[in-house]
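In: how does the following fold in three dimensions:
(one chain, ligands or ions: 2)
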Amino acid sequence: MLRDLPPRARWYIIAVIASGALTFGLLLPRATFTPIGPLVFLVLLSTLTAAFKVQLPIASGSNMSVSYVVDIASLILRGPHASMIVGAASGWSQTTINAQTPNPVYRTLFNMSILIITVQASGQVYQRLGGGPQTDVIAIALPLAGMALTYFFVNTMPIAFAIALTTNQSAWRIWKTEFASSAPNYMLGAAAAAIVIAGTERAGYWLTLLLAAAPLYLTYKMYRAGVESEARQGAILAAAHDAIITMDQRLDIREFNPAAERMFGYTRLGMLGRSVELLLPAADRAKEIEAIREYMTTGHGPLAGGRRLELTALRADGTEFPVELTVARMGTEGRAGLTGFIRDITEQRALEEQLRQSQKLEAIGRLAGGVAHDFNNILASIMGAADLLSMQLPPDAPAVGEANEIKQAVERGAGLTRQLLAFSRRQATRSRLFALGDVVRGMDTMLRRLIGREVELEIIDCARSPTVRADSGQIEQVVLNLAINARDAMPEGGRLTVRVDQVHLDEAAALALVEGNAGRYARLSVIDTGTGMDEATKARLFEPFFTTKEQGKGTGLGLSIVYGIVKQSGGYISVLSEPGRGSTFNIYLPLAAVPEPSPASV
Ligand code: ADP
Ligand code: MG
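Out: Ligands and ions are numbered 1, 2, ... in the order given. Okay, the predicted model is just below:
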């Protein structure tokens, strides 16, 4: 609607329509309508050729509008006043008959007005230069050229101006790139019109029509093919998942597809003509613009050969996000442009980050395991020596106390290395089949004592408790460690829920667990209503020795052990938590196939 346009564009369009109407109203009474037949013929011809945008293909791939040729013919034969009807008719039919999508009324009126003014002005020039309804092509050469040039300027400049005002671009640049090159077509068209008229004089209307029919039909076919390929291209742009942005040589945006609108939060109309710089954060803009420029001008640089460039992009609301950019260069030297294909890689980055995290844990685990193993051997020899020492001492020797302290310290050390070994999965396990719910319910008394009176405990088991194959002692350790953390997170009391159930992980849910596979799992959840965790804590949670607790309170080993056990049991662990919202630890263990009790085995 007219109201949606920028104010300056709106007033401009209204002004053009008003002048068109005024010109038409004032000058039409001076037109001669007789003989009426040829005039009606010209009006019909221009209506049809404009509606179907019939074009004559001419040299170097450009086209010449046939309705323009009709306008010129009419100007030669009938003068400017009557030709205004011919021009208005083509202006009207262009946007109404055969329009792909309905056009707003103001556009039709604008079109008609431009053509009325153009026809009037060029007709005046033709007559002032001495042109008349003669058919001697040589005699009217100069007036004809003047008329064609006037037509060209008066027709194209106001249109360039209207585009500039509605899309925030420079009118001069639009005119130069879109219209200037078509000047020769206008001259050719005028010549064509003169020749057709001369031919008509000598051979009559019918021969001309016959000669014109074949090229008209061919050009209509070409036009249909063009429309189809344009529609195809439009459909591709619209359906693409990636943002597709076309830029001109100055890196101003020329096309902005729906995916780009969604990705960046700008509207297409708002972005046309604006610099692509707008889509990059100010900090690293210069470097990336340089890469794009380099590719545009030389075809070399970091983007050459279809290479992908990862960079940070900027949304309309100011948020930044990672993208991958590939570009294609098109057009020839003078009018080269670039099309950029942009993919949002936020999700991919998050997955990579998770994978890195689990690989890091893996590496730390291997390291810790190696150290713990060697350390265990050292502890064993200290223990042996301390044993020998205390055996050699008389029972009342004062050194007996020290020897015992050595042994106790060694035992504490051995306890620590055991935990590290559990994390690094080097501990020997005793796997067996058991119902997960049974083990968890068996911990009821112990858990109650552990968490104290302030915290409520609820254990929820499902009807057919899932069977898993694991070391039940280790699973108890997992529940214990998680419960201790939950208690620590609820110093003022709260609620601890331990729940066992069965779930089906679909592809997406499994993928979220990094290396997870889809399928059915036993799920063990430990849920608290405590302090919760921020992102920074969640990111490092499972690292050995990572703790937020004061010295002496936390070792930072609890969750690393949980992680080690879960991995060793072939399961996955995930954490849901927000500061102040409590935490949920979900552990997924593969369901074990329960052997059917068969009569033969009795
Ligand atoms: P520790 O308990 O010795 O600190 P853990 O490996 O058990 O070591 O836990 C690491 C850190 O994770 C804790 O220091 C704490 O910040 C955080 N954390 C673990 N569980 C919870 C929970 N249920 N609620 C809040 N924070 C938790
Ligand atoms: Mg802990």
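
In: what is the burial count for Ile484?
Out: 15 (other C-beta atoms under 10 Å). Bear in mind the C-beta positions are built from the backbone N, C-alpha and C, glycine included.

In: what's the answer for the one 4 residues further on, then?
Out: A count of nearby residues for Asp488, using other C-beta under 10 Å, gives 17.

In: once you drop chain neighbours, what's closest to it?
Out: Using C-beta to C-beta, 6 or more residues apart in numbering and skipping the chain neighbours, the partner closest in space to Asp488 is Lys549 (6.8 Å).

In: how near is the closest residue to ligand 1 within the stretch 1-150 of the chain to Thr584?
Out: Residue nearest to ligand 1 within the stretch 1-150 of the chain: Asp4 (52.3 Å; C-beta to the nearest ligand atom). Counting by C-beta to C-beta, to the nearest Å, the gap from Asp4 to Thr584 is 49 Å.

In: with neighbour numbers in mind, choose between the two.
Out: The neighbour comparison of Asp4 against Thr584 (other C-beta under 10 Å) goes to Thr584, with 16 against 10.

In: now the more buried one, what are its backbone angles?
Out: phi -130, psi 120 (degrees, to the nearest 10).

In: thinking again about what came up before, and the residue nearest to Asp488, what element?
Out: Assigned by DSSP states H and E, Lys549 falls within no helix or strand.

In: tally up the residues packed near it, please.
Out: 12.

In: can you give me the domain assignment for this structure?
Out: Domain assignment of the chain by automatic domain parsing yields the ranges 2-239, 243-344, 349-424, 432-590.

In: could those domains be laid out in JSON lines, adding mean pLDDT and distance to ligand 2?
Out: Listed next are the domains of the chain as JSON lines, based on pLDDT from 0 to 100; distance: least, C-beta to the ion, whole Å:
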{"stretch": "domain 2-239", "mean pLDDT": "82", "distance to ligand 2": "51"}
{"stretch": "domain 243-344", "mean pLDDT": "87", "distance to ligand 2": "34"}
{"stretch": "domain 349-424", "mean pLDDT": "84", "distance to ligand 2": "11"}
{"stretch": "domain 432-590", "mean pLDDT": "90", "distance to ligand 2": "3"}
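
In: any idea which helix or strand comes after the helix or strand where Glu347 lies?
Out: Assigned by DSSP H and E, Glu347 belongs to helix 346-392. The helix or strand immediately downstream of helix 346-392 is helix 399-423, counting by DSSP H and E.

In: who are the packing partners of that next one?
Out: helix 346-392, helix 558-568 (3 or more C-beta pairs under 8 Å, 6 or more residues apart in numbering; DSSP states H and E).

In: can we see that at 10 Å?
Out: Applying 3 or more C-beta pairs under 10 Å, 6 or more residues apart in numbering; DSSP states H and E, one finds that helix 399-423 contacts helix 346-392, helix 472-489, helix 558-568.

In: hey, which of these is tucked in deepest?
Out: The highest average neighbour count among the helices and strands packed on helix 399-423, using mean count of other C-beta atoms under 10 Å, belongs to helix 558-568 at a mean of 24.

In: how about the helix or strand just after that one: buried residues?
Out: Next helix or strand after helix 558-568 toward the C-terminus (DSSP H and E): strand 572-577. Residues of strand 572-577 classed as buried by neighbour count (16 or more other C-beta atoms under 10 Å): Tyr572, Ile573, Ser574, Ser577.

In: wait, does strand 572-577 contact ligand 1?
Out: No: judged by C-beta under 6 Å from any ligand atom, strand 572-577 and ligand 1 are separated, with a smallest distance of 6.5 Å.

In: picking that back up, I'd say the residue of the stretch 1-150 of the chain closest to ligand 1 and Gly270 touch.
Out: No: distance between Asp4 and Gly270: 11.4 Å, which falls outside the contact criterion (C-beta atoms under 10 Å).

In: where's the spatially most central residue of the chain relative to Lys287, distance?
Out: For the chain, Met263 is the residue whose C-alpha lies nearest the centre (C-alpha atoms, centre = their mean; 4.2 Å). Per C-beta to C-beta, Met263 is found 21 Å from Lys287.

In: let me see the contact set for Ala522.
Out: By C-beta atoms under 10 Å, 6 or more residues apart in numbering, Ala522 lies in contact with 435-437, 462, 465-468, 470, 500-503, 571, 587-592.

In: rerun at 6 Å
Out: Contacts for Ala522 (C-beta atoms under 6 Å, 6 or more residues apart in numbering) come out as Leu436, Pro466, Val468, Gln502, Leu589, Leu591.

In: may I see those arranged in JSON lines, with neighbour count, secondary structure and distance to ligand 1 as well?
Out: Below are those laid out as JSON lines (neighbours: other C-beta atoms under 10 Å; DSSP: H, G, I helix; E, B strand; the rest coil; distance: C-beta to the nearest ligand atom, whole Å):
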{"residue": "Leu436", "neighbour count": "26", "secondary structure": "helix", "distance to ligand 1": "20"}
{"residue": "Pro466", "neighbour count": "23", "secondary structure": "coil", "distance to ligand 1": "23"}
{"residue": "Val468", "neighbour count": "25", "secondary structure": "strand", "distance to ligand 1": "23"}
{"residue": "Gln502", "neighbour count": "15", "secondary structure": "strand", "distance to ligand 1": "24"}
{"residue": "Leu589", "neighbour count": "23", "secondary structure": "strand", "distance to ligand 1": "20"}
{"residue": "Leu591", "neighbour count": "17", "secondary structure": "strand", "distance to ligand 1": "26"}
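
In: gap between the two ends of stretch 172-182?
Out: 15 Å (C-alpha to C-alpha, to the nearest Å).

In: how about residues contacting that stretch?
Out: By C-beta under 6 Å, 6+ apart, stretch 172-182 touches Thr156, Ala160, Ile163, Ala164.

In: next, the buried residues of that stretch.
Out: In stretch 172-182, counting by 16+ other C-beta under 10 Å, buried: Ile174, Trp175, Thr177, Phe179, Ser182.

In: now intersect those residues with the helices, please.
Out: Of the buried residues of stretch 172-182, the ones assigned to helices by DSSP state H are Ile174.

In: make JSON lines out of the buried residues of stretch 172-182 and add distance to Ile565.
Out: What follows is the buried residues of stretch 172-182, written out as JSON lines (distance: C-beta to C-beta, whole Å):
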{"residue": "Ile174", "distance to Ile565": "68"}
{"residue": "Trp175", "distance to Ile565": "73"}
{"residue": "Thr177", "distance to Ile565": "68"}
{"residue": "Phe179", "distance to Ile565": "74"}
{"residue": "Ser182", "distance to Ile565": "76"}
